[in-house]
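Novice: A predicted structure for the sequence below; I have some questions about it.
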Amino acid sequence: MSSILNVIEKLKLSVSNIDDVPESFSSDVYKLTLTNGENVFIKIPFNKDKLIREFQMLETLKDIIPVPKVFDIWYGDESTNGALLLSAIQGTPCTGDIDEKLSFQIGVYHAMLHEVKTPGYGCHVTDGYKLLDQNNWRLHIKSNFEKWKEPCKEILDSKLYDRCILHFDEVLSTLPDPDGPCIVHMDFRPGNIMVDGNEVTGIIDFESARGGSSEIDFTKVNRYIWDVNPRTKIPYIKGYQSIRPMMALERVLPFYNIYDAFSAVVWCKNRGIEKNQAFLEENILTLRKSVGY
């Protein structure tokens, strides 16, 4: 609580109520009611790079797709990584039933996001836009997976681990050429899609967004939307294709299911397995399904 009070003081806000937003898994997010009755959000990032990344992405996208407006930014001090003061978007996270109309809209906005080009494969950090090694997306993906092997080996069943490594190498060679570099959200799931009824009102949480290949951005759409309600897949694809061509999903999804789940296992290890046990188990199950184990 001391961090949010510090931010409120630094941004000179007059606040009547503070509510924690519990579904934020990395940064700390608070909903504030100002004394004039207006609702706003404060986001305190996990690190300063995430602060800069989200700010730059929201500024880039503000006239392209519906995203929160940045009212103010504070760059932090010795005790706090900084904070963003963001507008409230009408509606609620899209965690309920998704009909075909809504799925079509989600596809449209996702494609509009992917249509925004970036200076290269890379991301915004505190000292500018940092390109990936050799500006090479595939090299980046392989390098990440190599780094995750050791921590995953400590957690996963040895047979499951071996099958994942083998499967990764097999499906990597079948991937289509990467597209981009374009903006990829990296966490495009229902909790980050705001809706009012069956209308999309905004996309939130760009702290992990970067310049990448669109192929990485369909994994959570598949897991949390299409797998939950298969009828949403065709409308989503139609919406997406009304803006830009769709990647060859049948070649992309098997690879990124493992890549994403491997990444999540490491995330749980780094952030605490005990408090993230349910998320860890979800991703281990994804790995088992992916390799048929």
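Specialist: It's in.
Novice: can you name the next helix or strand after the helix or strand harbouring residue 221?
Specialist: Element membership for residue 221 (DSSP states H and E) is helix 219-221. Once helix 219-221 ends, the next helix or strand along the chain (criterion: DSSP H and E) is helix 233-241.
Novice: mean confidence for that following helix?
Specialist: Helix 233-241 shows an average pLDDT of 98 in the prediction.
Novice: over to stretch 137-150?
Specialist: 96.
Novice: tell me which stretches of the stretch 1-150 of the chain form helices.
Specialist: Here the stretch 1-150 of the chain has its helices, by DSSP state H, counting those that start in this stretch, at 2-10, 48-61, 100-114, 137-155.
Novice: ok, which of those helices comes nearest residue 124?
Specialist: In terms of C-beta to C-beta, the element of the helices of the stretch 1-150 of the chain nearest to residue 124 is helix 48-61, at 4.3 Å. Where you see a C-beta, it was placed from the backbone N, CA and C, and this is true even at glycine.
Novice: show me the contacts for the closest residue to residue 291 other than its chain neighbours.
Specialist: Leaving aside its sequence neighbours, residue 291 sits nearest to residue 163 (C-beta to C-beta, 6 or more residues apart in numbering; 4.1 Å). Residue 163 makes contacts with 291, 292, 293, as judged by C-beta atoms under 8 Å, 6 or more residues apart in numbering.
Novice: got it, and residue 111?
Specialist: Here residue 111 is in contact with 239, 240, 241, 242, 243, 244 (C-beta under 8 Å, 6+ apart).
Novice: any figure for the gap between residue 250 and residue 76?
Specialist: Noted for residue 250: a distance of 44 Å to residue 76, by C-beta to C-beta, to the nearest Å.
Novice: neighbour count winner among these two?
Specialist: Between residue 250 and residue 76, counted using other C-beta atoms under 10 Å, residue 76 has the larger neighbour count: 19 against 8.
Novice: quick one: neighbours of the nearest residue in space to that one that is not next to it in sequence, just the number.
Specialist: Nearest non-adjacent residue to residue 76, counting by C-beta to C-beta, 6+ apart: residue 82, 3.3 Å away. Counted with other C-beta under 10 Å, residues neighbouring residue 82 total 21.
Novice: same question, residue 172
Specialist: Neighbour tally, residue 172, other C-beta under 10 Å: 15.
Novice: next: residue 157.
Specialist: 12.
Novice: again with residue 155
Specialist: The local packing of residue 155 (other C-beta under 10 Å) involves 15 other residues.
Novice: and the pLDDT for it?
Specialist: Predicted confidence (pLDDT) for residue 155: 96.
Novice: show me the contacts for it.
Specialist: Shown in contact with residue 155 (C-beta under 8 Å, 6+ apart): 265, 269, 273, 280.
Novice: 10 Å instead, please
Specialist: Listed by C-beta atoms under 10 Å, 6 or more residues apart in numbering, the contact set of residue 155 reads 161, 265, 266, 268, 269, 273, 280, 284.
Novice: which one of the residues you listed is nearest residue 123?
Specialist: residue 266 (18.1 Å).
Novice: show me the strands in the protein, by range?
Specialist: Applying DSSP state E to the chain gives strands spanning 15-20, 28-34, 39-44, 70-74, 83-87, 92-93, 122-125, 128-131, 182-184, 193-196, 199-203, 210-212.
Novice: need these in JSON lines with distance to residue 52, can you?
Specialist: As requested, the strands of the chain are exported to JSON lines (distance: least, C-beta to C-beta, whole Å):
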{"stretch": "strand 15-20", "distance to residue 52": "24"}
{"stretch": "strand 28-34", "distance to residue 52": "17"}
{"stretch": "strand 39-44", "distance to residue 52": "12"}
{"stretch": "strand 70-74", "distance to residue 52": "9"}
{"stretch": "strand 83-87", "distance to residue 52": "10"}
{"stretch": "strand 92-93", "distance to residue 52": "25"}
{"stretch": "strand 122-125", "distance to residue 52": "5"}
{"stretch": "strand 128-131", "distance to residue 52": "9"}
{"stretch": "strand 182-184", "distance to residue 52": "15"}
{"stretch": "strand 193-196", "distance to residue 52": "23"}
{"stretch": "strand 199-203", "distance to residue 52": "19"}
{"stretch": "strand 210-212", "distance to residue 52": "12"}
